[in-house]
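[1] Have a look at this prediction, sequence included:
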Amino acid sequence: MGMKARCQCGKIQFTTPTDKPLKLWVCHCTECQHQSSSAFGITATFPYFELPESVSSLVSSYTRVTLKGRDMECLFCKECGARLFHRFRDTVPAPGQQPAFSAITNVKGGCLEDLNKEMLRGAVHIWCQEAIIDIPEGVEKWDQGPPQPNPLMT
């Protein structure tokens, strides 16, 4: 069934391939602070998927190079500017090809309509050395990214 998701204005709507994320991340890096205009970014990792073809003309992308030199493609709504998800260009399959088993799509938490506090209790906090808020006690946390493999911040 998947999780329902949408941008802020609602023109882009989609459903994730699974009912729950594979992993949830709360990233405190300065890039996520700038992107979200907030203290951190929430990202939900799902198996690789594409947005519906019907909304492709409503989406634009911004690509940035990560600290490890990978191209991160960030997709957002052209109308409201809401970030929808990001993925690494080197994992995007060529047209007509199946994605690799390890390929993922990282959906921004604010897009997910059914994301809740219970789900976020298991989230991993990363790049905590750049945090501008206190990290909750007892959560899994890393000063930078977690040890490899790390599908979010490599």
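    Now that the structure is in, tell me what you want to look at.

[2] and the spatially closest residue to residue 51 that is not a sequence neighbour, how many residues sit next to it?
    Leaving aside its sequence neighbours, residue 51 sits nearest to residue 14 (Cβ to Cβ, 6 or more residues apart in numbering; 5.4 Å). To be clear about C-beta, it is placed using only N, CA and C from the backbone, and glycine gets the same treatment. Neighbour count of residue 14, defined by other Cβ atoms under 10 Å: 20.

[3] Tell me which helix or strand in this structure has the weakest average pLDDT.
    helix 30-36 (a mean of 87; mean pLDDT, DSSP states H and E).

[4] can you confirm residue 55 is in a helix?
    Yes. Per DSSP: H, G, I helix; E, B strand; the rest coil, residue 55 lies within a helix segment.

[5] Quickly note the distance from it to residue 74.
    16 Å (Cβ to Cβ, to the nearest Å).

[6] Where does the residue nearest to residue 51 sit: helix, strand or coil?
    Using three-state DSSP, the structure places residue 14 in strand.

[7] Am I right that it is in contact with residue 6?
    Yes. Assessed by Cβ atoms under 8 Å, residue 14 is found in contact with residue 6 at 7.5 Å.

[8] just the CA coordinates of the least confident helix or strand of the chain, formatted as CSV?
    These are the backbone C-alpha positions of helix 30-36, laid out as CSV (Å, rounded to 0.1, in the frame of the first residue of the first chain):
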residue,chain,number,x,y,z
THR,A,30,24.4,22.5,8.1
GLU,A,31,23.3,21.4,4.5
CYS,A,32,20.1,20.0,6.0
GLN,A,33,19.6,23.1,8.1
HIS,A,34,19.9,25.3,5.0
GLN,A,35,17.7,23.0,2.9
SER,A,36,14.9,22.8,5.5
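
[9] any residues touching stretch 67-84, and which ones?
    Stretch 67-84 is contacted from outside by 5, 7-9, 11-12, 14, 35-36, 51, 58-66, 85-90, 92, 107-108, 110-111, 153-154, using Cβ atoms under 8 Å, 6 or more residues apart in numbering.

[10] In that stretch, which residues are buried?
    72-77, 82-84 (16 or more other Cβ atoms under 10 Å).

[11] Would you mind listing which of the contacts of stretch 67-84 are buried?
    When the contacts of stretch 67-84 are checked for burial by 16+ other Cβ under 10 Å, the buried set is 5, 7, 12, 14, 35-36, 51, 58-59, 85-88, 92, 107-108, 110-111, 153.
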